[in-house]
Structures are given as C-alpha cells and as structure tokens.
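Colleague: Pasting the sequence and the predicted coordinates here, then a few questions.
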Protein chains: 2
Amino acid sequence: MTDLHVYDTTLRDGAQQEGLNLSVSDKLAIAGHLDELGVGYIEGGWPGANPKDTEFFARAATELRLRNATLAAFGATRRAGGAASSDPLVRALLDSQAPVVTLVAKSHAGHVERALRTTLEENLAMIRDTVGFLRGEGRRVFLDAEHFFDGYALDRAYALEAVRAAMESGAEVVALCDTNGGMLPDRIGEVVADVLGATSARLGIHCHNDTGCAVANSMAAVDAGVTHVQGTINGYGERTGNADLVTIVSNLQIKRGRQLVEERQLQEATRIAHAIAEVTNVPAYSRQPYVGSSAFAHKAGLHASAIKVDPDLYQHTDPKHVGNDMRMLVSDMAGRASIELKSRELGLDVAGDTETTERVLKRVKELELRGYTFDAADASFELLLRRELDELPDYFDVESWRVITDQRTDGEAVSEATVKLVAGGHRVVATGEGNGPVNALDHALRQALLPAYPELDQLELIDYRVRILDAAHGTDAVTRVLIETTDGSTSWETIGVAGNIVEASWHALVEGVTYGLIKAGVPVR
Amino acid sequence: MTDLHVYDTTLRDGAQQEGLNLSVSDKLAIAGHLDELGVGYIEGGWPGANPKDTEFFARAATELRLRNATLAAFGATRRAGGAASSDPLVRALLDSQAPVVTLVAKSHAGHVERALRTTLEENLAMIRDTVGFLRGEGRRVFLDAEHFFDGYALDRAYALEAVRAAMESGAEVVALCDTNGGMLPDRIGEVVADVLGATSARLGIHCHNDTGCAVANSMAAVDAGVTHVQGTINGYGERTGNADLVTIVSNLQIKRGRQLVEERQLQEATRIAHAIAEVTNVPAYSRQPYVGSSAFAHKAGLHASAIKVDPDLYQHTDPKHVGNDMRMLVSDMAGRASIELKSRELGLDVAGDTETTERVLKRVKELELRGYTFDAADASFELLLRRELDELPDYFDVESWRVITDQRTDGEAVSEATVKLVAGGHRVVATGEGNGPVNALDHALRQALLPAYPELDQLELIDYRVRILDAAHGTDAVTRVLIETTDGSTSWETIGVAGNIVEASWHALVEGVTYGLIKAGVPVR
C-alpha cells in the first residue's frame, strides 16, 4: 500500500486568510516549524506570480535545512494556445528549483468555459503539455484539480478526463479539491471511490471548512482511498479556512492508527501550532481540537470529583500525545475536588489540608459572587492560593495612584498617571503617559518598580478585556477586567473587579506584575 | 416521519466554556435571540443545583415571551438509594415550571461503577423512577444518555438497557451523548443505526468538537435516523465546544433540504449569532461557517474577475440564505441594499438617491475599517445618515473635557469629570462625580446641558459595553464602546471608537444624548 502523506499548504493557500500577511522571513520560520512537525511536503508559494514567493524559493535554497519535508512550488498549467516550454510562469516553476511542482488545473467544465474562457479540449491539452514538460525537466508533478467535486456533479465524464490527462502525462498525485468548500463527508467518500475505480490514479484531497466539515471530509476521502492529504496548520485559509492539518493528523494517528508523522513529532504539535500562531500574529483559537488551550480544560464541578478517580473517564485521549495538558478551571460550579486538582497543578498541593481547601473554596465563592471569575485568570487564582497559604511575597506597598484623561488642543485625548509606592526600601513617585488610563497606569507602575525590580523590563501587557457585569445599572455597574501579561516566552491572566473600571484595571495590573516577579523567582527587595 | 427538531443547550452546556460567564439577564437576552432563530427547545439551566439557574426559570416565567421555543430544565436522575419524589433536586425541576425536563443519566457501565459508585441495576432504577415520577407530574421528559458512545463500546447490552429503561418509563427522546467528544462520523452512524434497530426509541444526538467533527458527527446521526439535534449557538461549550447549531441547521436546511427553522428565520442567523456574541462578550470567530465575517469574503486576485462573471462559480451557497454577504476585500458590492433598507426603516429614505447612498456606504466602510460596527448601534447609524443628509441639529458645541480618577484615603477610587461646552447661547462649565470615568463624564455632560435642555432629565444610561479590538497590542489597541440610553419607554444604542477608552466612551455618550434630543423632537436652543 502506498504511504499516506501530509501536504501542507499554509504558506500558499493558508496565506489567503483575511488579515494574514506573511513576510519571506515569516514563511521561512513557518517552514522550519512544519518540518519539525514532520509533514511530508511544504508548498512554499507561487513563484513568478508573486515576487515574495520567488524570493522565498531563492532564500529557501540556502537558508532552509529541511530534515523531513520536500519543498513544492505551486503554479498553473500553461496559458491557452501557448506552449509550456515558453510559458514564463511555467519557467518560473523550474527556476524555483523545488523538486516538486504542484499544478492547479481546471476539471470543472463550467469553469473552463466561463472563467478560463477556452475549450474543454484545450484545457486537457494544457494539462498534458504542462505536466509532460515538467516531467521531462526532471520534476515530480502533483496536480490540484480545482473545483473537482462541483465539476464532477456538473459533468462527471469531463472531470474524470482531466484526472486521466494528468495521470497519463506523468503526474504522481491528483488532488481533488473542494475549492468552494460546500461538500459533506458522505458525498466526498462516494466521489473519491468512484474516481479511484474509474481512473486508478493516485488521489489526494484538498478541503475547505465552509460546511464546518473540512476535517471529516478529509477523513472520508482517506477512508475511501486517497493517500495524499492537504491542509494548513491551525486551519488557516480564505473564508472559513482550509482543513486543519493538526486535527487531521491527530485523528488519523490517534483514532485510526494511521502513521503520518513520528509519535515524538506529534508530541510537539501543541508547541508548534502556538509557535506558528505567534509568527502569523493571528491569535491562537483556544477551542481548537487537540492543541487549543481549552482543549483539555474542565470546568464542571460534576466532572472534577470523577476526574480524580480516573482522568480517562473524562477525556477522549491522553493530551500528552499532542503535547497538551489537562487543566482544571476553578469556577463557582467547582467544588473542593477542583481546588485540590488545581493546587496540585500549580505545585502548591493542598489536597491533604481540608481546612485550607475549604477556606480557599469559600474565598473563591465569595469573590465569584462579587464578579470575579478564576477560570480565565489562573495567575490570580495562584496569588489567592498563596495568600491563603501565607506564601505571597510582599514586593511593594502602594501609597496612592491617580489618572487624568483630557482632550489635547488637537482634539485627541491623552491619559497621564501618577503612582506613589514603596519598593526596595525607597518611596518612589513615578508618572506615565498612555493612550488610555490603563496604559498610563501600566507605564507609571512599571516606572515606579524598575529601580527595585529591573526584571520587570521583560514584561509586556498583551491583552486587556473588560466586562460590565450587571448591565441593568449601566456605568454604575461592577466592572471586571482581565489582563494578559507576557515575559516573552509564556503569558498569564490576572483579574480585577471593582465599581470603577480604572480601579479594577489597577488591581489586575498589580497582580500581573506580582505574578511575573514570583514566576521569575525574584526575591523581595 | 417524526419532525426533526433543534434543541439548544447554549445556556447550560454552552455556559461551561472557559471564560464565559452569563448573568441571569444575559441568559434571558440570549433565550430571546434563540427563540427568534426558531429553535424548538431552549435548555435554560440546572435549577436547584445553581441559584442563578433557579432565578433564570423564575424570571423567564414572567419576563420571557417565547413565540417558537419550549423551555427545558436540565437535571440529573435521583440520588442512588433514594426516591425521586423526595429528591430535592428533582423537586427543583418541577418547581422550575419548565414544560420539558431533560434528565442526564449514566449509560456507561464504567461511569456507573467508578464515578457514580452505585450498581448497574440501581442506575437503571434511578432512570425509571425519575422519568416515571416526572411523567406522573405531567412533564414531558427527554433523557441525555451521558458518555453513551464510550459506554456502548465497553458494554453494548448495558447501554441499550439504559435507553430502554428511559423509553419504557415514558421519556419522549433519548439523546445519545458523545460527552468526551472523541467520536468520528462513521462510528456515530453505525451506533445510532444499531440502537434504533435494537430499541426503536426516538433518538437524539449531542456532540462535542474534540475531533473537529461535531457538525459531521451530528449530521451522521441525523442520516442514521435521529430526530432531535442538540448543540449551542456559535459552538460555545467546554473544551473545544459543542456542535455549532448555526452550521448544523444551515447544512441540513440548505444542503439537505431538511426544514428545521423557517427560511426567514435562517436569514436572521448572521445577525443573531453576532448579537449573542455581543451578550457573551466572546469575540465572534471570523472563520465561522456560514455566519462568520470572513465566511463569504474573497481576497482580490485570481477570483475577483471571475466572480463578476458568475458569483456562484466561487461560493458554495448564496450567503443571503443565512443573512450574510459576499465581501470582496477591496470593494464591496453588497451593503447598498441594507443601507437603503435601513434608511427607509428610519424614515430617512435615500433609496432614490444613488449619490447619497454611495457616500453613506463609503463612510460606513471607512468607519468599519476603523472598528465601528453599526449592527449594534442603530442610533449612531441614524446620526451618520443625518450628517450626510445635512439634517443633524447642532445642539451644543464641546470646548473640552477632562476626567481624574484617584484613590481616596479610604482606598476606594473615585472619578471626577469637568465638561466645558456652549449650549443655548451660554458657555457652561460643569463638574460631575462618578464611580468610574464614564459615569463621571455622563454626569458632567448632562449637568452642563440641563439648563438649555431640561428634557435630558428623562434620559438614563442603562448599558455600557467595551471591546478591545486588536488583542495583539493590549492597552495600545483600539477600543469600541457601545452605550444604551433610555428615555423610560424605549432605548437606543450608540457607539464610540478611539485609541483611548475614555475618548471612545465620550463619543458614544455625546451621540446618545444627541439622539435622545432628536427623538424627543427638541429644537436647537
């Protein structure tokens, strides 16, 4: 049986996502991560059509050391009425030096006539000529049959002709593309089975998520016999995105026992998916299957007591397979069991100490009644736990703070904050400006603490969320603020709740900084 | 054939999502939106187990006017060794007054013995006793067979016994739950078909998205014969979330011709999904199938010219079916119709005036690029339209404003605002205090305007929502503020967007007051 392989198109089709813009350096960094994950092929882009992609292949030749993957260049069949050997875009594919060329071709009679505006016969000639030429030049050729499933529905015979034309000219794989993403799994399975029977070509699959079924569609195709699976990391792509390779590989490998990457490579999936999210600057999706930060997080109090008995009763697979972790969320639905599990997770085990556990639980419930929520603020929960255990370092004492926001003469508003505190044995008065009261307070607080704690220079506030809790009272309501702080490698969430939004933000800022100091092992000065 | 129906569990299982916390008012607002979408059943929560849910059912009885949906209360079978009639949690289900009770019960032999810690026989007795008691009290009963698919794999005979016990005691539907979310579609289909054959019970399906297949799994179950489909709006839920009802309903209705809601209701899906996202304060997922803001967005390039020839070549369905729009990421062709429609609705019809419509459309696009959203701020849209039509009264001229927030000696924070403006021919300087900067500004602004416009005494600010738009930059990001103002009989929403949260709030406040004056027919003084 031919080995099943993974073909990644993050750098080409994934980059079509709204708001996603990759530099050549970004693409090289992502290619390195993909190689580490163990994908078989990395489609780098469309050389010739896009100067950035031409540069990518040029730099990849010297800068990229791939250990697992083979690089593929994407391009179209030659222009209608021309010859492949003299087509500048086909030439650019050769010039890219990529060992594999993936040609996109029409297999949908309507698209040939109405979008490409040529004859059905000429389109088949374009496929034969371009595949044949590239094979003659020593390249391996894959073919993406665009709009295949819609084309098959319109004119099955022509869609099959396109597959045969590619195969007979030497294409190694013909990937059937659900370009518009409207398919459902049962239909994919039927069509793949029919095409396999009718052509005996080696087939691949390329799905989009417009019906929320990209993963199931890809798996239905594998079940029906395709041996080449396309997708993108984190499901990046135009509209609703491409099929998420991380989920597909995890499903096939863990649930079906089909090996696609090595076990130790899959165990890096969570780290790699997040590292690539950092490069793309698209926030990671916490509910992403297998590798999302919430993928193995449990909140229900009902479950927590049972999870202590046997974690496998409440998780569909061991998160270690993909390098993720089970997490317990502390919330008002939680009971003592969640507090014990959570404290163990934090290395502050209180499981044996019933009195402390009860005190912490009582405190959590009190605070949640006032609007706190600890399931989204792990760091604040750890500080609460440390306070109850008398293990919270007293890094600084705040005397007072103040923020002024006003319109400048040019009409724009500016905020200025002053913080007075004692740290490292000295009283400090510091001022900070910002484009909002919280930004100004953040700057002033860090300014005041830096002399005693230069370690804080590493910290950065990266997310700020506000929620007004009792809508019925408008601005008289209680405000909940969640702040995410990073030290460059990891990040943590802290919470503040108060009637005054600025006061709530201040509490969350102070906790964010305090947690950062504890995490870095900084002593009280 | 029994009608297929939709059972929504956003308010119960959806609320298990990490970081999602719904107040009773939030739940009532979401229930109203779900009813508008046309779901058959709304599961409101677990009365008795959670004081907030008890309150929800009490308030729903008087405050919620459901036109389509039936309310369901969720709860567990009675405790082991007790009687349903004297079980306080079963009593609470009756007290909720919900016409449908959905009982969660174990059907997994391992869970019965290791998590519930009772005998297999007692668990069946708990099912029979609780279902029978509730039926005797005149309630319709649905049963959620928890961990059904895992239980079936472990001990098929016992899992089937649990289904039969429920059915024979009078349960109307037995929903098979993939509680841990590890299933794949083919397996779901096989098991459903077997259970249907073995029990002839009416079956339902409840899926989670841990393998990225929640939608496909739910559809496989429908194909195999279930007639009750559970899910949550926007796929909210614990871990990777529950099956997204919006996608399932759209797939079944548009791709399979199975009617679940009325066509005109489905056409509201995009608006409703986004309105609920505003209530939950979980940012809408732009890549969500059908209703995501990117779901029908095409990047300019290869597709753009072909789309002009025939949009159906490049979209899997007409976005109008779900109330979404195709968007070209450079120039939008949709939108004009909605502007014309909305202007007519506001009594400022611009439908005949192409030039004004184009100007308004351009302005809306510009502002939306900067973070505005007019779906949720009709009043601000009306002010924009009036500005373009030169029909915006000039009630007052703001000279400057300022807010100071600081800690008082007792530790609590207080805000004080000063506003300087000209109204009614006089320059006014007014000061207001508040428990936050926006509250203080609101007081100062109204204080300053009252001498010229005593009508403003009627207005009250009743809701205030904040969203940070570009999470990657933390407090340096753009802030969007939505404010709801009431005159005692109706209310209206205004929006402000700025780098500074206080400035954004100021803009929304000024618009809220201006709209209030227009609405009351107050002349410029």
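Modeller: Thanks, I have it. Numbers count the residues shown, from 1 in each chain, chains lettered A, B, ... in the order given.
Colleague: Could you use CA atoms for every contact and neighbour count after this?
Modeller: OK.
Colleague: Excluding chain neighbours, give the residue nearest to residue A:274 in space.
Modeller: Of all residues not flanking residue A:274 in the chain, residue A:284 sits nearest, at 6.5 Å (Cα to Cα, 6 or more residues apart in numbering or on different chains).
Colleague: Can you name the residue of the stretch 1-150 of chain A nearest to chain B?
Modeller: residue A:115 (5.4 Å; Cα to the nearest Cα).
Colleague: Could you look up the SS state of that residue?
Modeller: Three-state call for residue A:115 (DSSP: H, G, I helix; E, B strand; the rest coil): helix.
Colleague: Model confidence score at residue A:207, please.
Modeller: Looking at residue A:207, its pLDDT is 98.
Colleague: quick one, what contacts it?
Modeller: Going by Cα atoms under 8 Å, 6 or more residues apart in numbering or on different chains, residue A:207 touches A:177, A:178, A:179, A:181, A:214, A:215, A:217, A:218, A:230, A:231, A:242, A:243.
Colleague: Next: residue A:273.
Modeller: A:233, A:234, A:246, A:291.
Colleague: rerun at 7 Å
Modeller: Contacts for residue A:273 (Cα atoms under 7 Å, 6 or more residues apart in numbering or on different chains) come out as A:233, A:234.
Colleague: Does it belong to a helix, a strand or coil?
Modeller: State at residue A:273, reduced to three classes by three-state DSSP: helix.
Colleague: measure it to chain B for me?
Modeller: As judged by Cα to the nearest Cα, to the nearest Å, residue A:273 and chain B stand 15 Å apart.
Colleague: and if you look at residue A:405?
Modeller: Computed as Cα to the nearest Cα, the residue A:405 to chain B distance reads 5 Å.
Colleague: Tell me how far the helix or strand that contains residue A:512 lies from the chain's centre.
Modeller: Remark: residue A:512 resides in helix A:501-519, with elements defined by DSSP states H and E. With Cα atoms, centre = their mean, to the nearest Å as the basis, helix A:501-519 stands 27 Å off its chain's centre.
Colleague: Any idea how many residues pack against the nearest residue to residue A:299 once chain neighbours are set aside?
Modeller: Excluding its sequence neighbours, the residue lying closest to residue A:299 (Cα to Cα, 6+ apart) is residue A:329, at 4.8 Å. Each residue near residue A:329 was counted by other Cα atoms under 10 Å in any protein chain shown, and the total is 29.
Colleague: now do residue A:123
Modeller: Residue A:123 sits with 26 neighbouring residues when counted by other Cα under 10 Å.
Colleague: among the helices and strands of chain A, which has the poorest mean pLDDT?
Modeller: Least confident helix or strand, chain A: helix A:301-309 with a mean of 65, by mean pLDDT, DSSP states H and E.
Colleague: Confirm that residue A:400 lies within a helix, as I assumed.
Modeller: No. Under the criterion used here (three-state DSSP), residue A:400 is strand, not part of a helix.
Colleague: Looks like it contacts residue A:420 (just checking).
Modeller: Yes. Residue A:400 is within contact range of residue A:420, at 5.3 Å (criterion: Cα atoms under 7 Å).
Colleague: Neighbour count for these two, which is higher?
Modeller: Taking other Cα under 10 Å, residue A:400 and residue A:420 do not tie; residue A:420 has more neighbours (19 against 16).
Colleague: Surely that one is within a strand?
Modeller: Yes. With three-state DSSP as the criterion, residue A:420 is assigned to a strand.
Colleague: what does the stretch 151-300 of chain A have sitting close to chain B?
Modeller: Proximity of the stretch 151-300 of chain A to chain B, by Cα under 7 Å from any Cα of the partner chain, involves residues A:180-182, A:209-213, A:215-216, A:239-241, A:247, A:251, A:287-290, A:294-300.
Colleague: Can you say which of the residues you listed are buried?
Modeller: Using 16 or more other Cα atoms under 10 Å in any protein chain shown as the burial test, these include A:180-182, A:209-213, A:215-216, A:239-241, A:247, A:251, A:287-290, A:294-300 as buried.
Colleague: per the record, what domains does chain A have?
Modeller: Per the record, chain A has its domains at A:5-280, A:297-368, A:396-519, by automatic domain parsing.
Colleague: want to try a markdown table for the ones you listed, with distance to residue B:194 as columns?
Modeller: Rendered in a markdown table, the data for those read as follows (distance: least, Cα to Cα, whole Å):
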| stretch | distance to residue B:194 |
| --- | --- |
| domain A:5-280 | 19 |
| domain A:297-368 | 22 |
| domain A:396-519 | 47 |
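Colleague: among the ones you listed, which gets the worst mean confidence?
Modeller: Among the domains of chain A, domain A:297-368 scores lowest, at a mean of 79.
Colleague: Now do the end-to-end distance for that one.
Modeller: 19 Å (Cα to Cα, to the nearest Å).
Colleague: What sits closest to residue A:56 if chain neighbours are left out?
Modeller: Nearest residue to residue A:56, sequence neighbours excluded (Cα to Cα, 6+ apart): residue A:24, at 5.6 Å.
Colleague: my guess is that neighbour meets residue A:57, correct?
Modeller: No. Here residue A:24 does not reach residue A:57: they are 9.3 Å apart, not a contact under Cα under 7 Å.
Colleague: The two - which one has more neighbours?
Modeller: Ranked by neighbour count (other Cα under 10 Å), residue A:24 and residue A:57 place residue A:57 first, with 26 against 18.
Colleague: For that one, which residues are in contact?
Modeller: Residue A:57 is in contact with residue A:96, counting by Cα under 7 Å, 6+ apart.
Colleague: element containing it?
Modeller: Element membership for residue A:57, per DSSP H and E: helix A:51-63.
Colleague: so what secondary structure elements neighbour the next helix or strand after that helix?
Modeller: Going down the chain from helix A:51-63, the next helix or strand is strand A:70-76, by DSSP H and E. Applying 3 or more Cα pairs under 7 Å, 6 or more residues apart in numbering or on different chains; DSSP states H and E, we find strand A:70-76 packed against strand A:41-45, strand A:100-106.
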